[in-house]
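Peer 1: for reference, the sequence and a predicted model appear below.
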Amino acid sequence: MTKNKLIDHMALNAGISRNSANKALKSLIEDITETLKKGERINLQGLGSLTAYQRAARVGRNPRTQEPLNITAKNVVKFKPSPKLISSLN
């Protein structure tokens with residue numbers, strides 16, 4: 001699903017304008033980003049949880065040449081789906 005399709009679904013299901021749905025989605029994305037930057041966990045009941053953590057630096061390999069290369073440390077987001085979401089998929 002694309003962002004535009006999600007906005008259309010939100011507007012239709014909530015009975016609001018497409019512009020209002022776009023603003024709501026934009027606000028949600030900004031709030032999630034800021035919360036993860038602070039190092040806080042986000043729990044969305046029925047969907048799952050988002051957690052930011054730092055992946056350590058490591059040595060990898062170039063798949064073509066097999067030469068070692070250094071991969072720098074970076075922040076990544078981990079998503080853990082809720083049991084309700086998992087059961088609804090099965």
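Peer 2: Sure, I can see it. On a predicted model such as this, the values are computed, not experimentally measured, just so you know.
Peer 1: list the contacts of the nearest residue to Gln54 once chain neighbours are set aside.
Peer 2: Spatial nearest neighbour of Gln54, chain neighbours left out: Asn75 (5.4 Å); criterion: C-beta to C-beta, 6 or more residues apart in numbering. No exception for glycine: its C-beta is placed from N, CA and C like everyone else's. For Asn75, the contact set (C-beta atoms under 8 Å, 6 or more residues apart in numbering) comprises 52-55.
Peer 1: Asn75 and Ala11, how far apart?
Peer 2: For Asn75, the distance to Ala11 equals 33 Å [C-beta to C-beta, to the nearest Å].
Peer 1: re earlier: where does the residue nearest to Gln54 fall, phi/psi-wise?
Peer 2: When read as degrees, to the nearest 10, the backbone of Asn75 gives phi -90, psi 140.
Peer 1: which pLDDT value goes with it?
Peer 2: At Asn75 the predicted local distance difference test score is 94.
Peer 1: CA atoms only for whichever helix in the chain runs longest, dumped as PDB, please.
Peer 2: The longest helix of the chain (DSSP state H) is helix 18-37. C-alpha atoms of helix 18-37 as PDB (Å, rounded to 0.1, in the frame of the first residue of the first chain):
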ATOM      1  CA  ARG A  18      -8.200  13.800   2.300                       C
ATOM      2  CA  ASN A  19      -6.300  16.900   3.400                       C
ATOM      3  CA  SER A  20      -7.100  16.200   7.100                       C
ATOM      4  CA  ALA A  21      -6.100  12.600   6.700                       C
ATOM      5  CA  ASN A  22      -2.800  13.700   5.100                       C
ATOM      6  CA  LYS A  23      -2.100  16.100   8.000                       C
ATOM      7  CA  ALA A  24      -2.900  13.400  10.600                       C
ATOM      8  CA  LEU A  25      -0.600  10.800   8.900                       C
ATOM      9  CA  LYS A  26       2.200  13.400   8.600                       C
ATOM     10  CA  SER A  27       1.800  14.300  12.300                       C
ATOM     11  CA  LEU A  28       1.900  10.600  13.300                       C
ATOM     12  CA  ILE A  29       5.100  10.000  11.300                       C
ATOM     13  CA  GLU A  30       6.800  13.100  12.800                       C
ATOM     14  CA  ASP A  31       5.800  12.100  16.300                       C
ATOM     15  CA  ILE A  32       7.000   8.500  15.900                       C
ATOM     16  CA  THR A  33      10.300   9.800  14.500                       C
ATOM     17  CA  GLU A  34      10.800  12.200  17.400                       C
ATOM     18  CA  THR A  35       9.900   9.600  20.000                       C
ATOM     19  CA  LEU A  36      12.400   7.100  18.500                       C
ATOM     20  CA  LYS A  37      15.100   9.800  18.400                       C
END
